[in-house]
Each structure stands twice: as C-alpha cells, then as structure tokens.
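Trainee: sequence and predicted structure below; questions after.
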Amino acid sequence: MKQPKHLNFLWDVFVLAATSFGGPQVHWALFLKRLVHQKAYLSEEELFEIQALCSVLPGPTSTQMITAIGLKRGGASLAYLTLIVWITPAVFIMTAAAYGMTYLTNRAVLQYVLPVGIGLILQAGWTMAQKVIRSPMYVLIFLLTLGLGIAFSSPYIFPLVLVLGGSISSLNFKEFPRQNKHRMIIPWANFNLYWGFLLGLAILGHLTDYYPIRMFENFYRNGSIVFGGGQVLAPVLYTEFVEFKGLIRSDDFLTGMALSQSLPGPVFALTSYLGVLLMRDYGFLGELTGSAIGALGVFLPGTFLIFFVYRIWGQLKQYRFIRASLAGIQASSVGLTIVAVYTFMSPLIVNGDGVSIAVVLGSFLLAQSGKFPAIALFSAALVAGYFLA
C-alpha cells in the first residue's frame with residue numbers, strides 16, 4: 001500500500017509536539033535539529049528566514065514557524081494538519097488537567113522545572129548566536145537589543161527591537177545581489193480574516209453579550225496582540241481573568257501556568273485549561289467547548305497572519321533591503337532570548353538560590369553536549385522535585 005503523502009513529516013511534527021519542552025526559544029533549536037539536520041525537510045537558511053518572519057508577528061512564534069514549514073512543504077491542507085498535530089498533545093493534557101486537578105498538592109514537585117527550562121533557553125540562544133552573529137554590526141544589534149530588553153521590561157519592546165534590528169541591518173543591502181522586480185500581487189484573504197474576526201467578534205460580543213462569544217473574543221484579541229511567546233501571554237491573561245474580571249482563582253491560574261510551561265508543545269495551550277475553568281458552570285460539554293474556544297481563539301489569529309505573510313514572502317524578498325533586514329532580526333532574536341534568561345534568572349540570583357542556578361548551568365552544559373534530549377532533562381527535574389519536595 002502506498003504511504004500517504006507527507007505522513008512522515010506529520011509524524012515528525014507529532015514527535016516534536018510530544019518532546020519539545022521549553023517555549024519558542026528552545027523549539028527553534030529542536031526544529032533545527034530534527035527538521036533540518038536529521039530529516040532535511042528544509043535548509044538552515046529557510047528555517048532562519050521563517051524564524052525571523054514569525055518573530056515580528058504577534059501570536060505563538062513556534063506554532064507559526066511549524067505551520068509555515070507545513071505550508072512550504074504541502075500547501076494550505078498540510079499547514080492546517082501540521083497546526084492540529086502540533087497543538088493537540090498540549091491542548092489534550094491541559095484540558096485533562098483542568099478537569100482533574102485544580103491545584104497541585106505540593107507545587108515543590110515543579111521546583112526544578114523552571115531552572116531546566118532556563119538552561120535550555122540559554123543553550124538555544126547560544127546555538128543561534130553562533131550561526132547568525134557573524135560581524136560587528138550583528139554584535140552591536142545583539143547588545144542593543146539586550147540593553148533595551150533589560151532596561152524596559154515590557155512585552156511591547158519586543159516588536160520594536162526586532163524592527164530596529166532589521167532596520168539597522170537593512171543598511172547593508174548593497175551586499176545582496178539585485179533581482180528582477182515584478183509587480184507584487186497580494187492575496188488579502190487571510191489578512192481580511194485576521195482583522196475581520198477581531199472586529200466582528202468585538203461587535204458581536206457587545207451586541208449579544210453571549211458568554212462563549214465574549215470568551216472567544218478575549219482569547220482571539222490576546223492572541224492577536226501578544227509578542228514574545230507564552231511567557232508574555234500568561235501575565236496578560238492573568239491580569240484580565242484573575243485581577244480585572246475575577247473569573248478564575250489565582251491559585252488555579254498559577255497551577256495551569258506552571259503545568260503549561262512544564263509540558264511539551266506550545267505554551268499557548270494554557271488557554272485550553274483556562275477555557276475549561278471559565279465554562280465550569282456549563283457542565284462537561286460546556287467545559288469541553290471552553291477548551292476548544294480557548295485553543296481556537298488564541299491560535300487562529302497567528303495562523304491567519306502567517307498564511308498571509310508567508311504567501312507574499314517570496315515577492316518581498318525581491319527587495320534587497322528586505323533580505324538584508326533578516327539577519328538583523330535574527331540577531332535581535334538572540335538578544336531577546338538572552339533577555340528571557342536574564343528575566344527568569346534574576347529572582348534566583350536575588351534569592352541566593354544556588355541549587356537552582358547550578359541546575360541552570362548543568363542543564364545548559366548537558367543540552368550543549370547533544371547527548372541529553374530536553375525530555376530527559378525535564379523528566380529528571382520532575383523526579384528530583386518529587387523526592388526533594
């Protein structure tokens with residue numbers, strides 16, 4: 001029997017979905033290892049382009065990256081299948097967690113999960129830096145991003161420094177060969193879907209005051225404006241649903257946040273967990289609907305955007321300054337990765353948590369050796385946390 005087309009690719013996506021711990025900074029390194037070096041589905045240069053492109057878009061960066069890879073390999077159908085396969089394990093686990101566990105009996109079990117994650121983020125940043133920081137200009141962009149990211153601890157600085165890095169490196173456009181330019185043909189359909197959903201849901205929610213629609217609008221709006229991955233999304237959702245609206249208890253939210261960052265796949269799957277809790281008064285099917293609303297709401301806007309942007313990317317590359325800007329965006333991405341390390345490490349240093357700091361450094365070295373996959377390091381962290389809790 002003939003094997004279905006692209007089945008091997010979807011299997012590799014599933015393996016990544018089940019083993020890719022650590023958020024978008026680490027996912028990038030795992031995509032590079034499996035999809036580029038092991039399976040050669042695309043080249044390093046193509047992955048770097050996709051990573052740079054997704055970095056400047058709002059939404060879940062790693063999800064947009066792997067969806068764009070599916071779009072490149074097999075068109076829209078494969079891209080949607082890739083999206084579903086990629087998000088399903090994390091969404092399923094987070095939904096089950098919301099049903100069966102509102103809080104951990106002893107959160108100390110997770111005490112070493114974050115330090116391991118920091119070590120993996122640091123290793124991913126180091127890997128990327130070796131490949132993209134190739135001249136003094138990119139060192140300058142990296143240091144500028146690092147300084148601004150540390151000085152202004154706001155998610156809104158993310159797109160600004162990426163644009164700044166791209167603008168600086170675009171001045172290097174003369175190093176790139178000219179291409180014959182063609183009139184750009186822009187398919188606006190997915191961009192119209194992106195802003196149409198955003199506007200339509202806001203109007204519909206206001207007119208009907210129907211709770212599931214307002215939920216969908218909340219998740220879609222946050223998925224449309226958040227830059228920087230799940231670590232940025234979580235505090236935004238906490239402010240809205242816990243502090244401002246009081247719809248979710250603080251300990252329930254923090255439990256879900258800890259779980260989402262301890263699981264493989266997209267950290268944005270936290271919204272499935274929150275969707276169940278927001279629909280807890282609507283019975284089992286209502287809670288299941290809440291999970292679907294949470295997942296669809298937060299993943300749809302990023303999907304619409306990457307479909308729109310990636311389809312015109314080939315046309316945009318005919319301009320030399322666009323091609324030149326990519327390396328600057330990549331250098332800024334490295335800077336933001338180290339900013340994330342700094343942000344997570346600061347409390348450990350302030351509190352004098354020498355054990356956790358040692359775990360960070362050990363995780364970095366073990367990951368850098370290439371002999372210990374992320375899932376093994378996170379499993380060891382959970383086992384150590386269980387026995388030492």
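Mentor: Ah, there it is. Numbers count the residues shown, from 1 in each chain.
Trainee: these two touch, right, Leu336 and Phe158?
Mentor: Yes: between Leu336 and Phe158 there is a contact under CB atoms under 8 Å: 6.3 Å. In short, each C-beta sits where N, CA and C put it, glycine included.
Trainee: now the helices for the stretch 1-150 of the chain?
Mentor: For the stretch 1-150 of the chain, the helices defined by DSSP state H, counting those that start in this stretch cover 7-19, 24-31, 44-55, 61-100, 113-132, 136-151.
Trainee: what comes up buried for the host helix or strand of Pro212?
Mentor: Per DSSP states H and E: Pro212 is located in helix 211-225. Buried residues in helix 211-225, counted by 16 or more other CB atoms under 10 Å: 212-224.
Trainee: how far off centre is the helix or strand harbouring Ser333?
Mentor: For Ser333, the host element (DSSP H and E) is helix 320-350. Computed by CA atoms, centre = their mean, to the nearest Å, the chain-centroid distance of helix 320-350 equals 14 Å.
Trainee: could you point out which element follows it?
Mentor: Tracing the chain past helix 320-350, the next element assigned as helix or strand by DSSP H and E is helix 354-369.
Trainee: pLDDT of that next one, averaged?
Mentor: Computed over helix 354-369, the mean pLDDT rounds to 90.
Trainee: after that helix, which helix or strand is next?
Mentor: Per DSSP H and E, the helix or strand that comes after helix 354-369 is helix 374-388.
Trainee: tell me the mean pLDDT over that next one?
Mentor: 80.
Trainee: helices and strands around that helix, which ones?
Mentor: Contact analysis of helix 374-388 by 3 or more CB pairs under 8 Å, 6 or more residues apart in numbering; DSSP states H and E lists helix 113-132, helix 354-369 as its packing neighbours.
Trainee: give the buried residues for the longest one.
Mentor: Of the residues in helix 113-132, those scored as buried under the neighbour-count criterion (16+ other CB under 10 Å) are 113-129, 132.
Trainee: what's the distance between it and the middle of its chain?
Mentor: 14 Å.
Trainee: repeat that for the last one.
Mentor: When C-alpha coordinates are averaged (CA atoms, centre = their mean), helix 354-369 and its chain have centres 23 Å apart.
Trainee: so it versus helix 320-350, what angle?
Mentor: Per axes from the mean of the first three to the mean of the last three CA atoms, to 10 degrees, the angle that helix 354-369 makes with helix 320-350 is 140 degrees.
Trainee: now helix 354-369: buried residues?
Mentor: Ser356, Ile357, Val359, Val360, Ser363, Phe364, Leu366, Ala367.
Trainee: CA atoms only for it - export them in PDB, please.
Mentor: Taking Å, rounded to 0.1, in the frame of the first residue of the first chain, the C-alpha atoms of helix 354-369 are listed here in PDB:
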ATOM      1  CA  GLY A 354      22.500  28.400  44.500                       C
ATOM      2  CA  VAL A 355      20.900  25.000  43.700                       C
ATOM      3  CA  SER A 356      18.600  26.300  41.000                       C
ATOM      4  CA  ILE A 357      21.500  28.300  39.500                       C
ATOM      5  CA  ALA A 358      23.600  25.200  39.400                       C
ATOM      6  CA  VAL A 359      20.700  23.300  37.700                       C
ATOM      7  CA  VAL A 360      20.500  26.100  35.100                       C
ATOM      8  CA  LEU A 361      24.200  25.800  34.300                       C
ATOM      9  CA  GLY A 362      24.100  22.000  34.400                       C
ATOM     10  CA  SER A 363      21.100  21.900  32.000                       C
ATOM     11  CA  PHE A 364      22.900  24.200  29.600                       C
ATOM     12  CA  LEU A 365      26.100  22.100  29.500                       C
ATOM     13  CA  LEU A 366      24.200  18.800  29.200                       C
ATOM     14  CA  ALA A 367      22.000  20.200  26.400                       C
ATOM     15  CA  GLN A 368      25.100  21.600  24.700                       C
ATOM     16  CA  SER A 369      26.700  18.200  24.700                       C
END
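Trainee: so what touches it?
Mentor: 111-112, 114-116, 118-120, 122-123, 126, 345, 348-349, 372, 374, 377, 381 (CB atoms under 8 Å, 6 or more residues apart in numbering).
Trainee: isn't Tyr41 right next to Gly74, touching?
Mentor: No: using CB under 8 Å, Tyr41 makes no contact with Gly74, being 10.4 Å away.
Trainee: any shared contact partners between those two?
Mentor: By the contact definition CB under 8 Å, 6+ apart, Tyr41 and Gly74 are jointly contacted by Phe9.
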